[in-house]
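[1] Structure of the sequence below:
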Amino acid sequence: MIQFSSPIAGCMRWGKWGANFSTSAYRKMIETCLQHQITSFDHADIYGHYTTEEEFGNALKEAPALRSQMQLITKCGIRMLSDNRPEHLIKSYNTSKDHIIASAERSLENLGTDYLDVLLIHRPDALLNPHEVAEAVDQLKQQGKIKQFGVSNFLPHQVNMLQAFVDVEINQVEISIIHLKPFLDGTLDQCIENNILPMAWAPMGGGILTDENHPRFRSITATASELADKYATSTDEILVAFLLKHPSKIIPVIGSTRPDRLLMAKNAAHIPLTNEEWYQLWTASTGEDVP
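    Have a look, this model is predicted:
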């Protein structure tokens, strides 16, 4: 079983979709993460319009010894409209055997590595054929090109269908103080029942504490601030601690280009929220007492 760091460093904004890091900046960010035991890095083939994996890989080529210190996660299955993929006529999904294998092999080349620790199907595909997915995953695992397989943004019934054909080990979904659906729709229950690791993207609600127009801004901010004062920490750490409290063992994916934001999420593991405090945050988000 692969041991992932908590948090996972989300790389979506490291390249052209955000900070536009140079190769040296990628390397510095990677090394800073590793120095603080943040060893897991989350990618997708589409990030940066199909450029971020290769840019990250260029940094690893400068320091190949870094690869053995980290876990690399990537995703495939979305076909974006992009100048880097002129053959794509519309945005669509492809989870065929050939596409999964070709995508994994391209990610291996871009990242400059012999294996991926995790390959995820990025989005549910209405045309997903579980037999083909299973064949692709089996082949990639047998060849040593991937270690674990999972999905992203899949609902429980979609995971159930796929899991009848192939072992689904991870589900990366949106979970936060303002996105409570996975707590209620069976996603996290399924993770516990089937030993599936939940990874949370946008785990701090996509900047809820800076959006005064959000309908629950005041109640969430007030409650999180009260708890932050109690634990001598920040409101962001409280929002991450809210996720870490859950017994499904959620791992947050922090999509930041700032090391201090990643360290903040790491520190959240030391905040011992009580059950009552957890429900204070829940109530602040929903605006209603639990039934």
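[2] what about the helices in this structure?
    In order along the chain, the chain carries the following helices (DSSP state H): 23-35, 47-50, 52-62, 97-111, 130-142, 156-163, 181-184, 187-194, 217-231, 235-244, 259-267, 275-286.
[3] can you pull the buried residues of the second one?
    Pointing back at helix 47-50 there. Residues Tyr47, Gly48, Tyr50 are the ones in helix 47-50 that count as buried (16 or more other Cβ atoms under 10 Å). Just so you know, the C-beta spots here come from the backbone N, C-alpha and C atoms, and that holds for glycine as well.
[4] what's the answer for stretch 39-52, then?
    The neighbour-count check on stretch 39-52 (16+ other Cβ under 10 Å) flags 39-48, 50-52 as buried.
[5] quick one: which of those is nearest Glu105?
    Closest to Glu105 out of the buried residues of stretch 39-52 is Asp45 (10.9 Å), distances taken as Cβ to Cβ.
[6] Pull the contacting residues for that closest one.
    Residues in contact with Asp45 (Cβ atoms under 8 Å, 6 or more residues apart in numbering) are Glu53, Thr74, Lys75, Cys76, Ile78, Ser103, Arg106, Ser107, Asn110.
[7] Just put those in JSON lines and tack on distance to Met161 and neighbour count.
    Formatted as JSON lines, the contacts of Asp45 follow (distance: Cβ to Cβ, whole Å; neighbours: other Cβ atoms under 10 Å):
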{"residue": "Glu53", "distance to Met161": "29", "neighbour count": "25"}
{"residue": "Thr74", "distance to Met161": "23", "neighbour count": "28"}
{"residue": "Lys75", "distance to Met161": "19", "neighbour count": "24"}
{"residue": "Cys76", "distance to Met161": "19", "neighbour count": "25"}
{"residue": "Ile78", "distance to Met161": "20", "neighbour count": "20"}
{"residue": "Ser103", "distance to Met161": "21", "neighbour count": "25"}
{"residue": "Arg106", "distance to Met161": "27", "neighbour count": "16"}
{"residue": "Ser107", "distance to Met161": "25", "neighbour count": "24"}
{"residue": "Asn110", "distance to Met161": "30", "neighbour count": "20"}
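[8] These: which two are farthest apart?
    Longest distance between any two of the contacts of Asp45 is 15.6 Å, between Ile78 and Asn110; criterion Cβ to Cβ.
[9] Isn't Cys33 up against Ala9?
    Yes: using Cβ atoms under 8 Å, Cys33 is in contact with Ala9, at 5.2 Å.
[10] list the residues that contact both of the two?
    Common neighbours of Cys33 and Ala9 (Cβ under 8 Å, 6+ apart) are Phe41, Leu262.
[11] more neighbours, these two?
    Ala9 (28 against 23; other Cβ atoms under 10 Å).
[12] how close does that one sit to Ile271?
    20 Å (Cβ to Cβ, to the nearest Å).
[13] And Ile2, by the same measure?
    Plainly put, Ile2 is 25 Å away from Ile271 if you go by Cβ to Cβ.
[14] Looking at those two, which is more packed in?
    Summary of the neighbour comparison: Ile2 and Ile271, criterion other Cβ under 10 Å, with Ile271 having more neighbours (20 against 13).
[15] Torsion angles phi and psi at the more buried one?
    Ile271 adopts backbone torsions of phi -90, psi 110, taken as degrees, to the nearest 10.
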